[in-house]
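Enquirer: Starting from these lines, generate the structure:
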Amino acid sequence: MKIKAKDVARDLGVSTATVSLAINNRPGVNEETRQKVLKYIKESQGKGDEWKNRKEKTIRMYTFLQKNAIIDADENARFYMGYDEASRRARAAGYKMDMVFVDRCKDDLVKLLKECEEENVAGVYLGAAYMTEEDYRCFRNFKLPYVLCEQDFGDMRTDSIVLHNQQGVKTGLKYLYDNGHRDILYLRNSKDFYNMYERRSACNAFMNKTGLQGAENEKIIDIGGLAQEIYENMYQYIKSNGHVPSAIFAENYEVTIGVSRALQSCGYRIPDDVSIVGFDEVPGAALLGFNPTCLKALHGNVGNIAVGRLLERIKKRTKESVQILVNTELIIGNSVKRI
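Expert: Alright, predicted model coming up:
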């Protein structure tokens with residue numbers, strides 16, 4: 001019976017391209033791998049219908065939702081950038097990837113994990129941004145390989161892959177500081193989860209180090225959740241004579257959108273009157289009338305690296321546990337004025 005290259009790739013943990021090169025005696029694959037592929041194919045010949053009945057192995061992505069179980073624009077963008085790269089990496093190794101959204105108010109996580117062990121699931125990619133310590137206890141006795149993304153519970157049995165939120169915030173605030181700004185406000189989103197905690201911690205550390213605040217959280221203001229709510233809150237803040245600084249750091253792109261529109265509605269010009277740096281790129285930034293300076297969060301890199309580590313665990317090629325911090329990239333726009 002003819003054996004498919006994707007089946008060989010899946011079982012050996014290599015790409016289908018590598019299998020093709022090995023079979024056709026083409027350059028681009030080392031001799032050890034070539035011999036391993038050829039030996040595997042030879043030993044698999046004659047197994048007949050055993051190959052027909054095999055299911056394609058799966059990597060399952062569990063993504064925890066917020067308490068209200070609604071995916072907003074910010075979460076949606078973050079999730080799909082990560083999923084796209086993760087699934088691409090999984091397919092290249094011969095695995096398919098499915099995704100399951102977990103609502104802690106309705107779903108039984110213990111039951112979901114047991115289903116993984118009973119089905120043909122090779123490993124689990126855990127999108128744990130909104131996961132709690134209590135939720136995570138279910139994984140203490142989980143038998144399948146898994147990796148943790150967007151959260152760090154200090155579990156030495158597996159890997160955690162997260163954005164380097166502190167590096168991003170410090171880079172953005174330093175950029176404002178280096179451009180002469182000393183009157184800086186950090187406008188935070190109402191969401192409370194790991195990424196946001198890390199960003200606020202970095203803000204306090206920077207403000208304390210530079211002497212820009214006298215007390216913890218003095219320069220951090222909660223401005224709302226979704227972009228429309230943020231716009232309304234910022235508009236009221238300005239109209240009620242709230243302090244408008246020379247520069248603003250926006251905690252995520254929804255804050256960038258809502259705050260920018262409110263400032264413009266109240267007659268403020270960006271960057272002539274107020275400079276802005278935001279965490280994450282703004283989708284459709286041209287609609288704001290300027291190009292925001294931002295910290296580009298490489299969510300796709302997180303997904304790609306996480307699946308790479310998970311594949312190593314599936315093939316039992318690694319014993320160590322690591323925390324991987326994925327740095328952000330400063331994208332210079334025209335939203336910061338040098339003073």
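
Enquirer: where in the stretch 51-200 of the chain is pLDDT low?
Expert: For the stretch 51-200 of the chain, applying pLDDT under 70 flags the ranges 51-56, 67-79.

Enquirer: Let's see that with 50 instead.
Expert: By pLDDT under 50, the low-scoring segments of the stretch 51-200 of the chain are 51-54, 69-70.

Enquirer: Can you tell me which residue sits nearest the middle of the protein?
Expert: For the chain, H299 is the residue whose C-alpha lies nearest the centre (C-alpha atoms, centre = their mean; 3.9 Å).

Enquirer: Distance of that residue relative to F279?
Expert: Per C-beta to C-beta, to the nearest Å, H299 is found 12 Å from F279. C-beta here means a position set from N, CA and C on the backbone, and glycine is covered the same way.

Enquirer: still on that earlier bit, isn't the residue nearest to the centre of the chain up against G82?
Expert: Yes - between H299 and G82 a contact is recorded at 4.6 Å, counting by C-beta atoms under 8 Å.

Enquirer: coming back round to it: who's in contact with the closest residue in space to the residue nearest to the centre of the chain that isn't next to it in sequence?
Expert: Closest residue in space to H299, ignoring its immediate chain neighbours: M81 at 3.9 Å, by C-beta to C-beta, 6 or more residues apart in numbering. By C-beta atoms under 8 Å, 6 or more residues apart in numbering, the residues touching M81 are 299-300, 303.

Enquirer: taking the residues you listed one by one, which sit in helices?
Expert: Of the contacts of M81, the ones assigned to helices by DSSP state H are 299-300, 303.

Enquirer: just curious, which of those is nearest to N141?
Expert: The closest of the ones in helices among the contacts of M81 to N141 turns out to be G303 (C-beta to C-beta; 26.3 Å).

Enquirer: Tell me who's in contact with that closest one.
Expert: When contacts are counted by C-beta under 8 Å, 6+ apart, G303 touches 81-86, 89, 125, 149.

Enquirer: Derive a ChimeraX selection command for the buried subset of these.
Expert: Buried residues among those (16 or more other C-beta atoms under 10 Å), as a ChimeraX selection:
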select :81,82,83,85,86,89,125,149
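
Enquirer: now, which of the contacts of G303 sits nearest S20?
Expert: R89 (18.4 Å).

Enquirer: before we move on, the earlier item: starting from L21, give me the distance back to the residue nearest to H299.
Expert: For M81, the distance to L21 (C-beta to C-beta) stands at 31 Å.

Enquirer: Sounds good, over and out.
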